[in-house]
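In: got a sequence here, can you build the structure:
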Amino acid sequence: MAFENYLIHLGILLCIYVMLTISLNLSVGFTGLLNLGHIAFFGIGAYASALLVLHGYPLWIGILGAALIAGLVGALLAVPTSRLKGDYLALATLGFLFIMGTIARNWTGLTRGPLGLPGIPRYTAENQTLLIIAAVTALAMTGIIWIITRTRFGKTLQAVRDDELATQMLGKNTFAHKIASMGLSALLAGIAGSFFAHYISFIDPSIFSSGDTILVFSMLIVGGLASVPGSLLGATIILLIPEPLRFIGFPSALVGPMREMLFALILLLILIYRPKGIFGKVDFQ
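Out: The predicted model follows:
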């Protein structure tokens, strides 16, 4: 029974990370926006959903609020950063992540600061049911991204990634497309944050950790940029491969470092033998 619960827990986490990876792929892989602040939208969605429900609003309002607030913040962030590229955009979005973490720690009247928000109501008391809901949501997100990337809008996003100037010369509004891409990417990350908050039932400012940014980017790089199946495979590999370390018998103090070493080894092998990732269509720049 304990092992079954462990597998269900692992499945729920996998679904959440699939949501995060596929949403990040939209902005980074398909649009070419090097967004290192993606976890900030995950945290915004978690806090928004938790606060709304804790203040008496229905659960569906919390989920909707998480999506809309995270999406709006993502679109607003894209406005001043739309002219930035490469390292400059990466630094700007990473700075945004640090700012959101600082706000969560210091706005104690809203977030309770380092004490966090305990007692967040769950979607359902049964983890099996929650796993089904999370899996359906992750698959729905995957299907939405797959459809979007095959529409005229999606093709334009990929054109912006490949050559923004040429896309502008063809009469496309690249500014609007960047805002839309970042907003939709953030919206989906907000939904993932809502799932996380209502599954764990507790969040604090550590949700804005840059370590999670590295983890999700690792999933994206391993699976490959601009590949929908790659997002699914990358999240699965990075999350599940280190799990057997729990059962080998290493001291608990070594499990964490061993996981990080295994992550580094996987990334190194991918970058050497598959620079574009397993299913990637473009190089990571």
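In: the bottom helix or strand of this structure by mean pLDDT?
Out: Sorting the helices and strands of the chain by mean pLDDT, DSSP states H and E puts helix 245-248 at the bottom, at a mean of 74.
In: the following helix or strand past it packs against which elements?
Out: In the C-terminal direction, the helix or strand that comes right after helix 245-248 (DSSP states H and E) is helix 252-273. When contacts are defined as 3 or more Cβ pairs under 8 Å, 6 or more residues apart in numbering; DSSP states H and E, helix 252-273 sits against helix 210-223, helix 228-240, helix 245-248. Backbone N, C-alpha and C define where each C-beta goes, glycine included.
In: list the contacts of residue 156.
Out: Shown in contact with residue 156 (Cβ atoms under 8 Å, 6 or more residues apart in numbering): 167, 172, 177.
In: in JSON lines: those, plus neighbour count.
Out: Below are the contacts of residue 156 laid out as JSON lines (neighbours: other Cβ atoms under 10 Å):
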{"residue": "167", "neighbour count": "19"}
{"residue": "172", "neighbour count": "18"}
{"residue": "177", "neighbour count": "21"}
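In: now the helices for this protein?
Out: Remark: helices assigned in the chain by DSSP state H are 2-28, 38-54, 59-81, 86-106, 108-111, 127-148, 152-162, 164-169, 174-200, 210-223, 228-240, 245-248, 252-273.
In: can I get these in JSON lines including distance to residue 121?
Out: Below are those laid out as JSON lines (distance: least, Cβ to Cβ, whole Å):
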{"stretch": "helix 2-28", "distance to residue 121": "16"}
{"stretch": "helix 38-54", "distance to residue 121": "5"}
{"stretch": "helix 59-81", "distance to residue 121": "7"}
{"stretch": "helix 86-106", "distance to residue 121": "20"}
{"stretch": "helix 108-111", "distance to residue 121": "17"}
{"stretch": "helix 127-148", "distance to residue 121": "12"}
{"stretch": "helix 152-162", "distance to residue 121": "36"}
{"stretch": "helix 164-169", "distance to residue 121": "44"}
{"stretch": "helix 174-200", "distance to residue 121": "7"}
{"stretch": "helix 210-223", "distance to residue 121": "23"}
{"stretch": "helix 228-240", "distance to residue 121": "26"}
{"stretch": "helix 245-248", "distance to residue 121": "29"}
{"stretch": "helix 252-273", "distance to residue 121": "31"}
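In: give me whichever of those helices is most buried.
Out: Sort the helices of the chain by mean neighbour count, taking mean count of other Cβ atoms under 10 Å, and helix 38-54 sits at the top with a mean of 27.
In: re the thing from before, check the helices of the chain for me: which has the lowest mean pLDDT.
Out: Within those, the stretch with the lowest mean pLDDT is helix 245-248, showing a mean of 74.
In: what is that helix packed up against?
Out: So helix 245-248, by 3+ Cβ pairs under 8 Å, 6+ apart, packs with helix 252-273.
In: what's the angle between the helix it packs on and helix 210-223?
Out: Counting by axes from the mean of the first three to the mean of the last three Cα atoms, to 10 degrees, helix 252-273 lies at 40 degrees to helix 210-223.
In: who touches helix 252-273?
Out: 215, 218, 221-222, 237-238, 241-242, 245-246, 250, 277-278.
In: thought residue 188 was touching residue 140?
Out: No. Under the criterion of Cβ atoms under 8 Å, residue 188 makes no contact with residue 140, lying 10.0 Å away.
In: for the residue with the largest distance to the centre of the chain, give me its contacts.
Out: Distance from the C-alpha centroid of the chain peaks at residue 169, with 32.4 Å (Cα atoms, centre = their mean). The contact partners of residue 169, by Cβ under 8 Å, 6+ apart, come to none.
In: cutoff 10 Å now
Out: residue 163 (Cβ atoms under 10 Å, 6 or more residues apart in numbering).
In: could you shift the numbering so residue one becomes 21, and keep it that way?
Out: Shifting the count to begin at 21 puts that one at residue 189.
In: distance of it from residue 145?
Out: To residue 145, residue 189 is 57 Å away according to Cβ to Cβ, to the nearest Å.
In: just residue 33 next, same as before
Out: Distance from residue 33 to residue 145, by Cβ to Cβ: 18 Å.
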